[in-house]
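*Asks:* Sharing a model prediction with you, sequence too.
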Amino acid sequence: MQTRRPDPNPSALSRRSAIAVGAATLLASGVFRQGLGVITLAVTARLLTPEDFGIIAYFLIATALLEMLQRQIGMVLIRLENVTVGHLDTVFSFQVIFGIMTAALFWAARPLVALMDIPALLELLPVLSALALVIAIRSPRFLLFERGLRFGYAAGEETFSRIIYSIVVITLAWFWRDYWAIVIATFVGQAMRGVWTFAIAPMVPRISLSQWRDSLSFSSWSIGAQLAQFLSANAPQLIIGSALGLADAGLFRIGTRLVNVVTHQLFAPILRVVYPGLADLSRKTNQRKEGFRTLNAGFLAILLPVSVGLALVAHDVILVGLGWKWLPATQVVWILAPLYALGSIQANVRSAVYIEGSTHVLFFRNMILLVIVCALMWVGVQYNFSGALYAAGAASVAGLLMTLIIAKRFGDGGFFEPLTVGWRSFLACAVMTVAVLTVEVTLRSGEHVPRILVVGLTKVAVGVVVYTSTHILLWFMAGRPKGFETTVFSLVGRLWNHLSRQMA
């Protein structure tokens, strides 16, 4: 009896339902994975030193760069009207070619890296060369599930690789007590991603460039834009490491890691819904602008309270979860968490630009931003770690303003429309902030860890209740307009009806 393989074609769900269910599935997966990530970070932070995290920051940045560029090669499969076997083979061939090129580049970069006078980085270059090849071997057919708005398999990929990574890194960190635990765990996790994609979406790829025009015309500008965006996002980490030393780089890495857990990494799985969803709307309806506004409001409604909430409890989280040696990372969270949440709208803008096919606009925007970020950080590091943090915050503001300029192409409102659509989220966050600070002043955390934990959990509970109730109240006062809240209540209603039928 043959085993039935999953079909990557769209399911019978309506477009709106498919996007909403996909977002909910990936969000649930993201919450689980980031919860596991926080536990993993807490364990490794207690076993390793700031210098270890300073070294590993370079390795993880290179790994993220490889992943991002490889994914951009395959994004054309989501945008194309019709995908053929030739397109799948061409994308796979480009993945392999790019993997070989980057592996050779890392291997040849030893003289340049030696100038940084960090011996550990030279030891990591052969691993990065091998990792470039591992990341390249993934099934392009797997992306057709996302094209068909079926995101459960993507959630499975993310969750599976995270579980494997956490098991390996905690085990090795316990025995080795150095940064190689994270290196090996990352390598194993990336290999498992490739295994998952071929297991779920098997194919026998051929080396072929028959559809190179379709792939290259989209991918070249897209990869350039993503590369510039990636460098501008990671320039603060790289500049702090080179100018202020590995210890400060490690503190910045831990602080931004915590911020990214509740902004980028929690939100990254949802982003996998955005581009296919907008692409589907663009191909089949004229509702792209409405979808753009709804997604902006949804991102702000989810990410803004979480990031502001993290800033409000950052001291408690770091002290209880990571230990005293990481307390200086608290100021990283205070400054960057709210700004990173606002910057999340740039992912929606990026997806809209891809659909429009004007990726060159994004490329020039990101190149200009890269220059601005480097200039700000160069000035900031002259004033030590605090100055570097303020410079990183200013760079985030610059990125947000440049995103708003491009966003005017996809909306009918004014310059700040991508933010004003979430006005209820901003007001609810303000009320939440007052409530949490009131709890802080009333209870006062002190220095006793059990008491800090209880007070921190109390602040979290108060923040969740106050934000949610205020947001719903504002929605009712506004006349219950169609938007993010409507989608949430619709999903809750369907879930309730489904559970009622199951229990009947």
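*Replies:* Noted; the coordinates are in hand.
*Asks:* In contact with Val333, which residues?
*Replies:* Contact partners of Val333, counting by C-beta atoms under 8 Å, 6 or more residues apart in numbering, are 255, 258-259, 310-311, 314, 318. For glycine as for every other residue, the C-beta is placed from the backbone atoms N, C-alpha and C.
*Asks:* Walking through the stretch 201-350 of the chain, point out its helices one by one.
*Replies:* With helices called from DSSP state H, counting those that start in this stretch, the stretch 201-350 of the chain shows them at 212-244, 246-262, 264-284, 288-321, 330-342, 345-356.
*Asks:* By mean pLDDT, show me the worst of those helices.
*Replies:* Mean pLDDT is lowest for helix 264-284 out of the helices of the stretch 201-350 of the chain, coming in at a mean of 55.
*Asks:* Just the C-alphas of the helix or strand where Trp496 lies, formatted as PDB.
*Replies:* Take DSSP states H and E as the rule and Trp496 turns out to sit in helix 484-503. In PDB, the C-alpha atoms belonging to helix 484-503 read as follows (Å, rounded to 0.1, in the frame of the first residue of the first chain):
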ATOM      1  CA  PHE A 484      -8.000  42.600  13.000                       C
ATOM      2  CA  GLU A 485     -10.400  42.200  15.900                       C
ATOM      3  CA  THR A 486     -13.100  41.000  13.400                       C
ATOM      4  CA  THR A 487     -10.700  38.200  12.200                       C
ATOM      5  CA  VAL A 488      -9.800  37.200  15.800                       C
ATOM      6  CA  PHE A 489     -13.400  37.000  16.900                       C
ATOM      7  CA  SER A 490     -14.300  35.100  13.800                       C
ATOM      8  CA  LEU A 491     -11.600  32.500  14.400                       C
ATOM      9  CA  VAL A 492     -12.600  32.200  18.100                       C
ATOM     10  CA  GLY A 493     -16.200  31.700  17.100                       C
ATOM     11  CA  ARG A 494     -15.300  29.000  14.600                       C
ATOM     12  CA  LEU A 495     -13.100  27.300  17.100                       C
ATOM     13  CA  TRP A 496     -15.900  27.400  19.700                       C
ATOM     14  CA  ASN A 497     -18.400  25.900  17.200                       C
ATOM     15  CA  HIS A 498     -15.900  23.200  16.200                       C
ATOM     16  CA  LEU A 499     -15.300  22.200  19.900                       C
ATOM     17  CA  SER A 500     -19.100  22.300  20.600                       C
ATOM     18  CA  ARG A 501     -19.700  19.900  17.700                       C
ATOM     19  CA  GLN A 502     -17.000  17.600  18.900                       C
ATOM     20  CA  MET A 503     -18.400  17.500  22.400                       C
END
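*Asks:* what helices or strands is it leaning on?
*Replies:* Where contact means 3 or more C-beta pairs under 8 Å, 6 or more residues apart in numbering; DSSP states H and E, helix 484-503 is packed against helix 15-47, helix 288-321, helix 449-477.
*Asks:* Tell me if I'm right that Val262 and Val308 touch.
*Replies:* No: taking C-beta atoms under 8 Å as the definition, Val262 is not a contact partner of Val308, at 9.8 Å.
*Asks:* Now list whatever residues contact both of those two.
*Replies:* Contact with both Val262 and Val308 is made by residues Ala337, according to C-beta under 8 Å, 6+ apart.
*Asks:* my guess is Leu172 contacts Asp178, does it?
*Replies:* No: checked against C-beta under 8 Å, the pair Leu172 and Asp178 is beyond contact range at 9.2 Å.
*Asks:* Skipping adjacent residues, who's closest to Ala311 in space?
*Replies:* Closest residue to Ala311 apart from its sequence neighbours, by C-beta to C-beta, 6 or more residues apart in numbering: Ala337 at 4.4 Å.
*Asks:* Identify the residues contacting the residue nearest to Leu443 when sequence neighbours are not counted.
*Replies:* Closest residue to Leu443 in three dimensions, ignoring its sequence neighbours and counting by C-beta to C-beta, 6+ apart: Val455, at 4.9 Å. Residues in contact with Val455 (C-beta under 8 Å, 6+ apart) are 316, 439-440, 443-445.
*Asks:* what does Pro50 give?
*Replies:* 246-251, 254, 325-326.
*Asks:* rewinding a little: most neighbours among the contacts of Val455, please name it.
*Replies:* Looking at those with neighbours defined as other C-beta atoms under 10 Å, the largest count falls to Asp316 at 21 neighbours.
*Asks:* ok, and the closest non-adjacent residue to that residue?
*Replies:* Looking at Asp316 with C-beta to C-beta, 6+ apart, the closest residue is Gly456, at 3.5 Å.
*Asks:* Next up, the contacts around that neighbour.
*Replies:* The contact partners of Gly456, taken as C-beta under 8 Å, 6+ apart, are 313, 316-317, 320, 445.
*Asks:* Now do Gly493 against Met432, distance only.
*Replies:* Distance check for Gly493 against Met432: by C-beta to C-beta, to the nearest Å, it reads 26 Å.
*Asks:* Out of the contacts of Pro50, which comes closest to Ile73?
*Replies:* Taking C-beta to C-beta as the measure, Ile73 sits nearest to Ala249 out of these, at 30.1 Å.
*Asks:* separation between that closest one and Leu60?
*Replies:* Ala249 is 12 Å from Leu60, where distance means C-beta to C-beta.
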